[in-house]
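any chance you can model this:
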Amino acid sequence: MSTLRFLRTFAAVARYGSFATAAEHMALTQSAVSMQMQALEAEFKHELFDRCGRTIMLNAMGKSLLPQANQMLSLYESMRISAGGLDEEVGPVSIGAVESAIGALAEAVAHLKMARPRLDVRIMAAKSADLAARVDAGEIDAAVIIDAPGRRPASVLWTPIYSEPLVLLANKNMAPGAIPDLLKSQRFLRFDRTQRTGVVIDRALRKQRVKVQDFLELNSLEGIAELVRQGIGVAVVPLLRRSSWTRDEVLRVLPLPQEDARRSVGMLERARHGKMAVTAAIARQLTDAI
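Residues are numbered from 1 along each chain as shown. Down below sits the predicted model:
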């Protein structure tokens with residue numbers, strides 16, 4: 001299946017116009033993306049890109065092969081769905097997601113519907129705790145949420161999808177310093193401690209054993225990032241898979257030293273329900289999209 005993986009990477013490079021950006025979205029290193037594309041070019045016996053510095057563009061051969069590559073990927077997904085026994089007549093499927101995962105979920109469902117147009121999937125956004133309660137009550141079929149500490153009841157099924165490391169966001173115009181020094185000296189922008197992400201961040205801060213200068217508490221990660229851009233303070237946040245923070249000319253992104261300083265994202269659903277073939281297919285497609 002290596003050729004299919006390479007074709008997915010090829011489609012990502014074509015979409016984002018950069019090996020580095022494609023690597024972020026495919027959860028690969030930039031060198032792995034470069035090696036995959038070289039292997040694909042060797043297999044096709046043609047160059048597929050025009051390379052000019054950091055700019056990557058499809059050449060004529062790459063442009064001619066891209067529609068066929070997308071067609072093969074869609075056909076493979078259709079085969080995988082059929083083999084999994086996916087039934088288009090299961091009725092509407094309701095699935096929720098936290099705000100930071102809603103875009104990836106929508107993309108995953110869109111690709112699934114291209115293979116099975118008659119599937120009826122409805123998407124909504126909400127906070128993790130609200131979505132978990134709605135899954136438990138049977139109001140929705142599944143939810144892509146932040147994992148919570150502690151044991152889960154046997155009545156639910158948890159499928160891990162991806163994790164995001166916690167990082168310190170600082171403005172590049174701030175005086176340089178180590179993470180503890182920045183946390184001590186700068187105003188601290190805190191994510192909402194009533195939310196699961198806020199609990200994960202608070203636990204990581206306690207491990208740092210640094211008393212921060214709490215300035216403002218928000219429940220928007222992008223809102224926090226914007227305040228950091230303005231030089232108002234620093235923040236500890238998860239490094240969103242689809243964010244452009246690492247390429248932002250104003251932001252400094254510093255990883256926390258603890259290896260376990262991460263938040264985990266996965267799909268929560270009831271352990272038994274009639275639409276598990278669909279939710280399993282969505283989880284697989286979402287993993288590919290991420």
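
now do stretch 168-177, average pLDDT.
Mean pLDDT, stretch 168-177: 90.

what are the contacting residues of it?
179, 182-183, 185-186, 224-225, 228-231, 234-237, 245, 249-256 (C-beta atoms under 8 Å, 6 or more residues apart in numbering). Backbone N, C-alpha and C define where each C-beta goes, glycine included.

buried ones among those residues?
Buried members of these, counted by 16 or more other C-beta atoms under 10 Å: 179, 182-183, 186, 224-225, 228-229, 234-237, 245, 251-253, 256.

in helices, which of these appear?
The members of the buried ones among the contacts of stretch 168-177 that map onto helices under DSSP state H are I179, L182, L183, I224, A225, V228, R229.

next up, the contacts around the first one.
For I179, the residues meeting the contact criterion (C-beta under 8 Å, 6+ apart) are L168, Q208, L254, L256, P257.

state the pair within those that is farthest apart.
Within the contacts of I179, Q208 and L254 form the most distant pair, 12.2 Å apart (C-beta to C-beta).

so which residues of the stretch 1-150 of the chain form helices?
Using DSSP state H, counting those that start in this stretch, the helices found in the stretch 1-150 of the chain span residues 2-16, 19-26, 30-44, 60-83, 102-115, 128-136.

helix/strand/coil for L205?
helix (DSSP: H, G, I helix; E, B strand; the rest coil).

can you get me a residue count around it?
Residues near L205, counting by other C-beta atoms under 10 Å, number 19.

pretty sure it contacts V234?
No: L205 is beyond contact range of V234, at 11.7 Å (criterion: C-beta atoms under 8 Å).

overlap in contacts, these two.
Joint contacts of L205 and V234 (C-beta under 8 Å, 6+ apart) are L183.

ramachandran angles for the residue sitting furthest away from the middle of the chain?
Ranked by distance from the centre of the chain (C-alpha atoms, centre = their mean), the top residue is K45, with 33.7 Å. For K45, the backbone dihedrals (degrees, to the nearest 10) come out as phi 60, psi 30.

ok, and what's touching stretch 13-33?
By C-beta under 8 Å, 6+ apart, stretch 13-33 touches 8-9, 12, 34, 36-37, 49, 54-58, 62, 66, 162, 241-242, 246-247, 290.

which SS class is the most centrally placed residue in the chain?
For the chain, R241 is the residue whose C-alpha lies nearest the centre (C-alpha atoms, centre = their mean; 4.1 Å). The three-state assignment at R241 reads coil, by three-state DSSP.

neighbours of the residue nearest to it when sequence neighbours are not counted, just the number please.
Sequence neighbours aside, I290 is the residue nearest to R241 in space, at 5.8 Å (criterion: C-beta to C-beta, 6 or more residues apart in numbering). Using other C-beta under 10 Å, the number of residues around I290 comes to 18.

I figured I290 hits A104, correct?
Yes: counting by C-beta under 8 Å, A104 is a contact partner of I290 at 5.6 Å.

what do those two both touch?
In contact with both I290 and A104: R241, using C-beta under 8 Å, 6+ apart.

all strands of the stretch 151-290 of the chain, in order?
Here the stretch 151-290 of the chain has its strands, by DSSP state E, counting those that start in this stretch, at 156-171, 187-191, 213-218, 235-238, 251-255, 262-270.

can you give the contact residues for the second one?
Residues outside strand 187-191 that contact it (C-beta under 8 Å, 6+ apart): 197-198, 201, 212-219, 221, 224, 227-228, 232-237.

which among the residues you listed count as buried?
So, by 16+ other C-beta under 10 Å, the buried ones in the contacts of strand 187-191 are 197-198, 201, 212, 218, 221, 224, 227-228, 232-237.
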